[in-house]
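*Asks:* The following block contains a protein sequence and its predicted model.
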Amino acid sequence: MWRTWVKPYVCALVAVGVVFQLWCVGWIALYGMGVKPYTAFMKAEQVRLLITKFQPSLERQWVDYNDMSDNLKRAVVTSEDAGFVEHDGVDWNAIEQARLRNEKKGKIIAGGSTISMQLTKNLFLSSNRSYLRKAEEIGMTYIMEVMLPKERILEIYLNSVEWGEGVFGAQAAAEHYFKGGSAAKLSPQQAAKLAVMLPAPKYYDLNRKSPRIGRRANVILKRMGAAQIPDDEGA
């Protein structure tokens, strides 16, 4: 008997999931044609700031890929996803390592996300950690990797990732942390410092003199020269 009344709800949930996936695919196609995204994370942060601080807008300004410092591209790839150019969007070794860490801690503390997976989450999903959301993230990431070149993925990521409270994208970050800063002219040191902040941007925004920033930035600086980034014709 219970199957009779449960089945319609299950079908409805599946239908909603399919519609959501198709909606996401449609937006990815638009991003491939040059549309500049306003991500789910941006919308959530704008609502939060409006409610808590009566701040109606975010700090953000789009910068084209070729107008962005290669120092920043290399620093972010070094810090967040060294295999960005080679993999197909998902690093299963990193996911397995994250799973083992989560099991050891008894809770989800790591996700093993690549840059592409982080972008998928920022564009369409929430910050809530669960294995269901991770599955959605992986599925949509594979679709995005098929539809968009690596250059476009990195361009969107660097223009939409959070770099502080209400601060989104490389240009806003350059202006926020370096007086008169420009995403096109970031030095290797400045780029490395910004890359360090990505895992916890709000914390580092409030703790800019944290010793960890300097230590981690030095590590990134030493490795940046070997980082591979998409060329001007895409990867």
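*Replies:* Now that the structure is in, tell me what you want to look at.

*Asks:* Could I get the full set of strands for the chain?
*Replies:* With DSSP state E, the ranges of strands along the chain come out as 162-164, 167-168.

*Asks:* Does the longest one pack against any helices or strands, and if so which?
*Replies:* The criterion is 3 or more CB pairs under 8 Å, 6 or more residues apart in numbering; DSSP states H and E, and the helices and strands that strand 162-164 contacts are helix 170-177, helix 188-197, helix 201-206. C-beta: built from backbone N, CA, C; applies to glycine.

*Asks:* okay, and for this structure, where does confidence drop off?
*Replies:* For the chain, residues meeting the criterion pLDDT under 70 lie at 1-11, 13-14, 16, 105, 107-111, 232-235.

*Asks:* one more time with 50
*Replies:* 232-235 (pLDDT under 50).

*Asks:* Now distance to residue 148 and mean neighbour count too, for the strands of the chain, in JSON lines please.
*Replies:* Output for those, formatted as JSON lines (distance: least, CB to CB, whole Å; neighbours: other CB atoms under 10 Å):
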{"stretch": "strand 162-164", "distance to residue 148": "21", "mean neighbour count": "23"}
{"stretch": "strand 167-168", "distance to residue 148": "19", "mean neighbour count": "24"}
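
*Asks:* can you put those strands in CSV and add distance to residue 98?
*Replies:* Converted to CSV, those look like this (distance: least, CB to CB, whole Å):
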stretch, distance to residue 98
strand 162-164, 20
strand 167-168, 25
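
*Asks:* What is the neighbour count of residue 127?
*Replies:* 12 (other CB atoms under 10 Å).

*Asks:* show me the residues around it that make contact.
*Replies:* Going by CB atoms under 8 Å, 6 or more residues apart in numbering, residue 127 touches 41, 44, 121.

*Asks:* Helices - which of those land there?
*Replies:* Secondary-structure check on those using DSSP state H: residues within helices are 41, 44, 121.

*Asks:* Please check these and keep the buried ones.
*Replies:* Among those, those classed as buried by neighbour count (16 or more other CB atoms under 10 Å) are 41, 121.

*Asks:* Any chance of the ones in helices among the contacts of residue 127 in CSV with distance to residue 63 as columns?
*Replies:* What follows is the ones in helices among the contacts of residue 127, written out as CSV (distance: CB to CB, whole Å):
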residue, distance to residue 63
41, 18
44, 23
121, 22
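
*Asks:* now, among the ones in helices among the contacts of residue 127, which is nearest to residue 98?
*Replies:* Distances from residue 98 to the ones in helices among the contacts of residue 127, taken as CB to CB, are shortest for residue 121 (13.9 Å).

*Asks:* Of the ones in helices among the contacts of residue 127, which is the nearest to residue 231?
*Replies:* Within those, the smallest distance to residue 231 is 26.0 Å, found for residue 121 (CB to CB).

*Asks:* show me the residues around that closest one that make contact.
*Replies:* Neighbouring residues of residue 121 by CB under 8 Å, 6+ apart: 41, 113, 127, 133, 137.

*Asks:* got these as a markdown table, with distance to residue 72 columns?
*Replies:* As requested, the contacts of residue 121 are arranged in a markdown table below (distance: CB to CB, whole Å):
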| residue | distance to residue 72 |
| --- | --- |
| 41 | 19 |
| 113 | 19 |
| 127 | 23 |
| 133 | 28 |
| 137 | 24 |
